[in-house]
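> quick one: sequence plus predicted model below, questions after.
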Amino acid sequence: MQLRRLYIFVFCLLAMTAASGYGQEDIDTVASLAGIEITTSVDRAEIYIGDLITYTVAITYDSTIELIPPPLGANLGAFDVKDYTADITSDLPDGRKKSESVFILSTFTTGDYLIPPVPIGFNLPDGSRKIMLSEVVPIKVKSLLADAADTTAVKPLKAPYEFQRDLTRYYLLGGAAFLLLVVIALLIWWRLRKRKLAGKPVDLRPAWEIAFEKLAVLNQQNLPSDGQHKEYYIELTEIAREYLGRIYSINVLDMTTEEFLGRFYEEKLPDGLFDDTGGFLKHADLVKFAKMIPESGCVETDFDFVHNMIELVRADYVRRMVPVNGSANVTETVGAGEKLP
């Protein structure tokens, strides 16, 4: 069947060539000519459907012969021409010439096929024109399912593949961004607080004068009489803490009671004053945070304690300063916030 198709194809090809390809003169088709050699080759003889084949037609001929290159539109049977490079001519060392035409072919049907011969024309030195046919090249086209055990069975679809995402990078970036935001927030808070403190006027009076004045103002407000025990103890503890902070140059405003006592445990307070101050602050915390109502007389007792504590620390401060400066009058000129020697 393949040979019959080949013969029909060659006959039609020669008829078409005689009618339009090579002029009006009689053209002979010959099997061979002196000084002319035609070879055909493919890069592989067995392929699968859709594979590409490189089909090369090489023509070697004497320099006295004129080559008529093979037609690029030649029918190559069941094969489609995907690309081509025609008439690549080169001179050989023996004086002959060589021309190559390269075709990239493909097909999408299976079976045994033949790349049909390509007609190639030559003008000879005697003025005659001859045609030679290239050799037929057999090609076997195999199915992609040929190696499968059962080519008719339809296999079920595989389950969708789930890609495992590594979120470690995102966690690290998120943590770094969070820490950066915290640092920025702390810097902004510190700058605002520093600006606020810088803009607050400094009272240059001795710390005990400031504390005694605040105690007098607090006593005139009569907050416990109105049931405002929490507000009263907040103000009373702030007077005591701020006074000790100024005398000993310690920033106590942001300290808890435990932090405050831990810090002043290292300082040399007058005898017994540390324990009494701790008891006062813990009792005040119960009123401020646990909503405890102080017993009758506790308000006056705590007020008197703070007043006496200010006086004891002032006297201790004066006693410590006299040996250094040689005069007791120095206590009247020492500013608030100077640390005890």
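Received the coordinates, thanks.

> now do the buried residues in stretch 118-136.
Under the neighbour-count criterion of 16 or more other C-beta atoms under 10 Å, stretch 118-136 has 118-124, 129-134 buried. Bear in mind the C-beta positions are built from the backbone N, C-alpha and C, glycine included.

> same thing with stretch 37-51?
Quick answer for stretch 37-51 (16+ other C-beta under 10 Å): 38, 42, 47.

> quick one: end-to-end distance for it.
29 Å (C-alpha to C-alpha, to the nearest Å).

> show me where pLDDT drops low in the stretch 101-250 of the chain?
Applying pLDDT under 70 to the stretch 101-250 of the chain picks out residues 146-154, 197-202.

> residue boundaries of the helices in it?
Counting by DSSP state H, counting those that start in this stretch, one finds helices in the stretch 101-250 of the chain at the ranges 168-199, 207-221, 229-247.

> deepest of those, which one?
Most buried of those, by mean neighbour count (mean count of other C-beta atoms under 10 Å): helix 229-247, with a mean of 20.

> now for that helix, which elements pack on it?
helix 207-221, helix 273-289, helix 298-325 (3 or more C-beta pairs under 8 Å, 6 or more residues apart in numbering; DSSP states H and E).

> and residue 169, which of these is closest to it?
Among these, the nearest to residue 169 by C-beta to C-beta is helix 273-289 (44.6 Å).

> now that closest one: buried residues?
273, 277-278, 280-281, 283-285, 287-288.

> from these, which single one is nearest residue 222?
residue 287 (16.4 Å).

> nearest residue to that closest one in space, please, no chain neighbours.
Distances taken as C-beta to C-beta, 6 or more residues apart in numbering place residue 233 nearest to residue 287, at 4.5 Å, with adjacent residues excluded.

> possible to save the buried residues of stretch 37-51 as a markdown table with pLDDT, distance to residue 32 and secondary structure?
Compiled in a markdown table, the buried residues of stretch 37-51 are given as follows (pLDDT from 0 to 100; distance: C-beta to C-beta, whole Å; DSSP: H, G, I helix; E, B strand; the rest coil):
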| residue | pLDDT | distance to residue 32 | secondary structure |
| --- | --- | --- | --- |
| 38 | 86 | 9 | strand |
| 42 | 89 | 22 | strand |
| 47 | 86 | 30 | strand |
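
> closest one of the residues you listed to residue 102?
Nearest to residue 102 among these, with distances taken as C-beta to C-beta, is residue 42, at 10.8 Å.

> surely the closest one touches residue 53?
Yes: with contact defined as C-beta atoms under 8 Å, residue 42 counts as touching residue 53 (5.4 Å).

> what do those two both touch?
Common contacts of residue 42 and residue 53, defined by C-beta atoms under 8 Å, 6 or more residues apart in numbering, comprise residue 139.

> in whichever strand or helix holds residue 100, which residues are buried?
Per DSSP states H and E: residue 100 is located in strand 97-106. By neighbour count on 16+ other C-beta under 10 Å, the buried set for strand 97-106 is 99-101, 103-106.

> list the strands paired with it, with their directions.
strand 53-61 (antiparallel), strand 80-91 (antiparallel) (DSSP bridges).
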